[in-house]
Each structure stands twice: as C-alpha cells, then as structure tokens.
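1. Sequence first, predicted coordinates after that:
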Amino acid sequence: FGSKRECLKGSFKKSQTFYGGYNNPLYEHPSLTYGTGPVAVIGAGVAGMSVARALIDIGVEVFIFDQYENAGEGSSATPAGILQPRPLSDGSAVADFFSSAFNYASASYDSLDEVWESRGVLVLGRNDSDKVRYERLPGGEPIDIAGCRSICGVDLKLPGIWFAKGGVLKTNQVCMQLGTGSVSMFGRSIVKILRDGTIWRLVDDHGYCHEVAAVVLACGIRTSDLCGFSELGIQANRGQLTLLKASKESTQIKKAITFGGYLTPAIAGYHILGATFDRVSQWSDEKWKEIRADGHDRNIDSIKNRIPSLGNLLLTSPQRGWSGLRVTTRDRLPLIGPVPDPIAFESACKLMRYGKNTDGLASSVYQPGLYMLTGLGSRGFLTAPLAGEILVSQMFNQRLPVPRELMGLVHPGRFLMRDTKQR
C-alpha cells in the first residue's frame, strides 16, 4: 500500500438521470400506513382481483367496485384463459419479469380451488423461428411429432414445446376466488373520484358516495378517465373468439394448443379458438361487442394455415362467438404504480430535462393514495398476480418482488417522461 501522499479516497455518485436509470428521484413516492382505512379497488377483472388478493393477504380491508354483477364479467369474462409464458430469454429486466410472472401465476392459481379446465399447454409457435424462441425458455420440454400426438390426443403432424405449468383457466372462478375476503360492491359503476383532505370520495352511478383511504384503478380503458392523468399511452383493442361446437372426433383433443392463436379442449361442448386483435378508437359506443363473420374467418384461417391437420376435425363445426376489450400500452408493458399529478409531474419532467435539482419533489408529483394497474393486454392472466404483488409492495413500502430496475419500465408516467425528453 502506498504512502499517505499516494493514497486517494473518493466516492462515486452515480448519475441519476430521469430517463436512463432506475435511481430516479421521482420514482420515490409517499407510501401508505397500515390501518389508515380501507382501500377501494375499481375493477373486478383479473387485474383488480389480483390487487385485492395481495392487499387482503397483508391484512388490508378491501372494497371492490365493478359495474357488472359478478367478478370477472368484463374483459376477463373470456370463456377460457390461457396461461403460457412469453418467449423472451435475453436476460433483460422485461424477460425476467415475464418469466417470474409465469411461475408466480401458475403457483397462485394452484392455490385456488379447481380453477383449471385443463393443465399444461402445448406451444407450436407462430412459425419455426417463433418455436425456437419458446425452446429457449426454462420449464419447456421439446416434444417430437409422436409426443405431441400422445399429449394432445390427435395428430398435429408438428413438433412443439410442452409447458406443464401452463393450461386453460376458468376465468370467472379465478376472479371470484382471488377476491375472497373483500367487500364486494358489484353492480356499481364509479363515475367520479375526489380527494378530500386525507380521504378519497367515490361517487357511483346510483349517487352514493363511498369514503376510503386509498384507491386502485384497475378498470381497463376507463382508468384514464377516472385518474385525471391523460398521458398513459393506452389503447383499446378488440379481441374476438370463435367457439366451435365439439364433434365426436374433436373431443379427442385433450390439451390446449397455441400457435400464435390458441385452441382449447372442448369446454361445455365447444372448443375455444382465438383470437383476433384490432384497434378500437371509439370504445364507448360498444359496437366492438358485435360478433363479426370476418373475425371467425380470420381465426379459422390462422389455425388452418398453422395446423392443417386439424382442418377436417374442426373447421366445419357450427360457430358462436365472444368479444372483449384489451388495453395495451405503446410499449406493450403494463402500467403499475402511483398515479402522477398531471401538472406537477410534467413540471418535474421539464426540470430534469434541463438538469435542475428535483430533490424533494417526489412527494408532491403524485396524487396521494391513488394507484393503478392496467395495460395488461392479452396477457392479463399471465401478469396480473405478480403485478398485483408489485403494486401492493409499492403502496406499503415493502420489499419489491422484482428488481428495482423494472419499476421505471412499468411506471405510469413513463411516456410523459420520454415525450418531455424529446421535445
């Protein structure tokens, strides 16, 4: 070791850029205190009920509001939910999130009572290159053509990858059981939320006012209207399913098959084939609910082109349909976290853009006690259980179940941050 003159001591202060790192001072926000009062969750789909489950597990009183009469009656009311992993394996925070979400969701649904229609999913991929991406994932077992025939019960004439932790879910049962222990306020649409001192007042469509300590918005595309923050970067998308009446031959299909789309074993006499994906600009007029012949045609063409051997088995069957709205973001990642105050947050973004000091601003750029979970897209049953845990960890300042790096990628204000930087 050198002499005193040659010894230098210093400390490295990592640059906390608003846009590049996850040590952003604006990512800090006031947390809630246990026992301050009930938390309202608006939305009883898989997103809202997953948040409710995480809150109930730590002893928080939960009120759930939904316009429908039962849990899981909105976009989560699809006749069947498919749980399969997302094919990302590049070691990124996003890939780690989806990998953790798949394992967490599988374990969460295993803890519920009889919510699986069938267990395991056989993934063929959209094409051969997509199939290779699934082969790289942990937990997948490559299956040859004969093995696929043995697993599914029919000859697909294609190899695939078997994921034993996936499967087909009873969506309504999942949502109902996740909310066990909450106070259900079904058949009540919340039309306005107001901050009044230290509490939130929720006004429903019957004119009643409900007082709570905090609010979680998990109501899909309506989240933007209620939260007062318009820079969410969300878009409504219509998905249509085709229900094919099962025949004696098609009932041989024993397991779910995915191929870009998906096909389930017979459920209540029908195979579920999905799904289309179309942008919806005017979601409030509800024309998206109409079942369209071209939607059935596209679903049938997708399976006919990828798995021709199933053509004679399914494609002459009578059809029924179902449609629902999915909410996606510009970068296909969910929105998880506190809701920014639109004016204060944009001002803070501008300050950081010009290198100004923002220390101490974090407590004033969010709407106190207001949080959101939305933008799950077609992966709601994959991501919701882990996303709910992440949000509740943020709300009560608990240790996050994911690396902190991810929080910048799912932050509700991230699109405003990026857009401000580019101006």
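-> Received it, and whenever you're ready, just let me know what you need. Residues are numbered from 1 along each chain as shown.
2. so how far does stretch 261-280 reach from one end to the other?
-> 20 Å (CA to CA, to the nearest Å).
3. List the buried residues in that stretch.
-> 261-267, 270-276, 280 (16 or more other CB atoms under 10 Å). (Glycine included, C-beta is placed from N, CA and C.)
4. swap in stretch 163-174?
-> Going by neighbour count (16+ other CB under 10 Å), the buried part of stretch 163-174 is 163, 165-174.
5. hmm, which two among these are most spread apart?
-> Spatially, the most separated pair among the buried residues of stretch 163-174 is Phe163 and Asn172, at 23.4 Å (CB to CB).
6. the longest helix in the chain is where?
-> Under DSSP state H, the helix in the chain containing the largest number of residues is helix 93-110.
7. now for that helix, which elements pack on it?
-> strand 81-83, strand 160-169, helix 380-395, helix 405-409 (3 or more CB pairs under 8 Å, 6 or more residues apart in numbering; DSSP states H and E).
8. Need the CA coordinates for that helix. PDB is fine.
-> What follows is helix 93-110, C-alpha atoms only, in PDB (Å, rounded to 0.1, in the frame of the first residue of the first chain):
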ATOM      1  CA  ALA A  93     -35.500  -6.900 -16.900                       C
ATOM      2  CA  VAL A  94     -38.500  -7.400 -19.200                       C
ATOM      3  CA  ALA A  95     -37.700 -11.000 -19.900                       C
ATOM      4  CA  ASP A  96     -37.100 -11.700 -16.200                       C
ATOM      5  CA  PHE A  97     -40.500 -10.100 -15.400                       C
ATOM      6  CA  PHE A  98     -42.400 -12.300 -17.700                       C
ATOM      7  CA  SER A  99     -40.600 -15.400 -16.600                       C
ATOM      8  CA  SER A 100     -41.300 -14.600 -13.000                       C
ATOM      9  CA  ALA A 101     -44.900 -13.700 -13.800                       C
ATOM     10  CA  PHE A 102     -45.500 -17.100 -15.400                       C
ATOM     11  CA  ASN A 103     -44.200 -19.100 -12.500                       C
ATOM     12  CA  TYR A 104     -45.900 -16.800 -10.000                       C
ATOM     13  CA  ALA A 105     -49.300 -17.000 -11.800                       C
ATOM     14  CA  SER A 106     -49.000 -20.800 -12.000                       C
ATOM     15  CA  ALA A 107     -48.400 -21.100  -8.300                       C
ATOM     16  CA  SER A 108     -51.100 -18.600  -7.500                       C
ATOM     17  CA  TYR A 109     -53.800 -20.400  -9.500                       C
ATOM     18  CA  ASP A 110     -52.600 -23.700  -8.000                       C
END
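9. and the angle from it to helix 380-395?
-> Interaxial angle, helix 93-110 versus helix 380-395 (axes from the mean of the first three to the mean of the last three CA atoms, to 10 degrees): 100 degrees.
10. Let me see the residues that make contact with helix 93-110.
-> For helix 93-110, the external contacting residues (CB atoms under 8 Å, 6 or more residues apart in numbering) are 50, 53, 83-86, 88-89, 115-116, 137-139, 165-166, 169, 174, 333, 381-387, 389, 401-403, 405-406, 409.
11. Run through the stretch 51-200 of the chain and note the low-pLDDT ranges.
-> Judged against pLDDT under 70, the stretch 51-200 of the chain has no low-scoring part.
12. Which parts of it are helices?
-> If DSSP state H, counting those that start in this stretch is used as the criterion, the helices of the stretch 51-200 of the chain fall at 93-110, 128-135, 145-152, 171-178.
13. Of all the ones you listed, which one is nearest Ser250?
-> helix 145-152 (11.3 Å).
14. mind listing what's buried in the closest one?
-> So for helix 145-152, counting by 16+ other CB under 10 Å, buried means 148-149, 151-152.
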